[in-house]
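**Student:** coordinates only, sequence not included:
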Ligand code: AMP
């Protein structure tokens, strides 16, 4: 069984992002970039499927600029067998990315496509769902447990107020939630080995994908700063402030 894992290069989750001075986007100059954390969880799950003897090959795929090779090499160091970069310098919307992934699915024919539930930069939470629509495959989003049994995947999903179990016939798309697993660290020997693994490059044009944008980014700004809180002396003062300052009680 072949597993395709979609890996996005994003600003590292520890970085406090700043908008550009003109508000046209996020300032990425000299900013640390990493694998999107939910994609890292998806890679870990794919590697575990291989270690259990369920998956025969794990292929990592990323859509983006040449630098995405770094994140693909990390995925290879974590245990993916080979990687594909869909090379583009264009700003890619989830629909364009999903179309590229669909074209890769057509040529690779994976039984499972593992993705993050969401990329922490754009917070779109769209690509897996769009890929589901384009391929016609079943999809389970927000997965916290995946069990493969023959031609089916049983997936426990994190939904509001509980867990939902769904069964999908393969091929299927599963997007990972935070509690699916705890990703391993790449060991130094595996980082070295990853340098020799195959990383193929293609382009959206090679895949016949139209990447023209449908959405215009109008502006990016920081949220308004919260005012510092104060400590009240007693209940009477609290009631007074709620009544006369916040005006939330009468
Ligand atoms: P999003 O819909 O942007 O929140 O992203 C959800 C998931 O789609 C990510 O966690 C990735 O698995 C996948 N994805 C999004 N953008 C890319 C990309 N440029 N390259 C590869 N996978 C991507």
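**Tutor:** Done, it's in. In this text, all values refer to a predicted model and were calculated from it rather than measured experimentally.

**Student:** How about the residues of the protein by the ligand?
**Tutor:** 6-8, 36, 38-39, 62-64, 92, 94, 97, 115-116, 118-119, 122, 124-128 (CB under 6 Å from any ligand atom). Just so you know, the C-beta spots here come from the backbone N, C-alpha and C atoms, and that holds for glycine as well.

**Student:** which residues in this structure form helices?
**Tutor:** Counting by DSSP state H, the chain has helices at residues 37-51, 68-78, 94-108, 127-135, 188-194, 235-244.

**Student:** got JSON lines for these, with mean neighbour count too?
**Tutor:** Compiled in JSON lines, these are given as follows (neighbours: other CB atoms under 10 Å):
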{"stretch": "helix 37-51", "mean neighbour count": "23"}
{"stretch": "helix 68-78", "mean neighbour count": "23"}
{"stretch": "helix 94-108", "mean neighbour count": "21"}
{"stretch": "helix 127-135", "mean neighbour count": "21"}
{"stretch": "helix 188-194", "mean neighbour count": "13"}
{"stretch": "helix 235-244", "mean neighbour count": "11"}
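
**Student:** Pipe those helices into CSV and attach distance to residue 169 and mean pLDDT per row.
**Tutor:** Output for the helices of the chain, formatted as CSV (distance: least, CB to CB, whole Å; pLDDT from 0 to 100):
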stretch, distance to residue 169, mean pLDDT
helix 37-51, 17, 98
helix 68-78, 27, 98
helix 94-108, 16, 98
helix 127-135, 13, 98
helix 188-194, 33, 97
helix 235-244, 56, 94
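
**Student:** and stretch 130-148, how far from the chain's centre?
**Tutor:** Relative to its chain's centre, stretch 130-148 lies at 13 Å (CA atoms, centre = their mean, to the nearest Å).

**Student:** Export the helices of the chain to a markdown table and append columns for distance to residue 222.
**Tutor:** As requested, these are exported to a markdown table (distance: least, CB to CB, whole Å):
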| stretch | distance to residue 222 |
| --- | --- |
| helix 37-51 | 22 |
| helix 68-78 | 26 |
| helix 94-108 | 24 |
| helix 127-135 | 26 |
| helix 188-194 | 36 |
| helix 235-244 | 27 |
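
**Student:** Select, out of these, the one closest to residue 167.
**Tutor:** helix 127-135 (15.5 Å; CB to CB).
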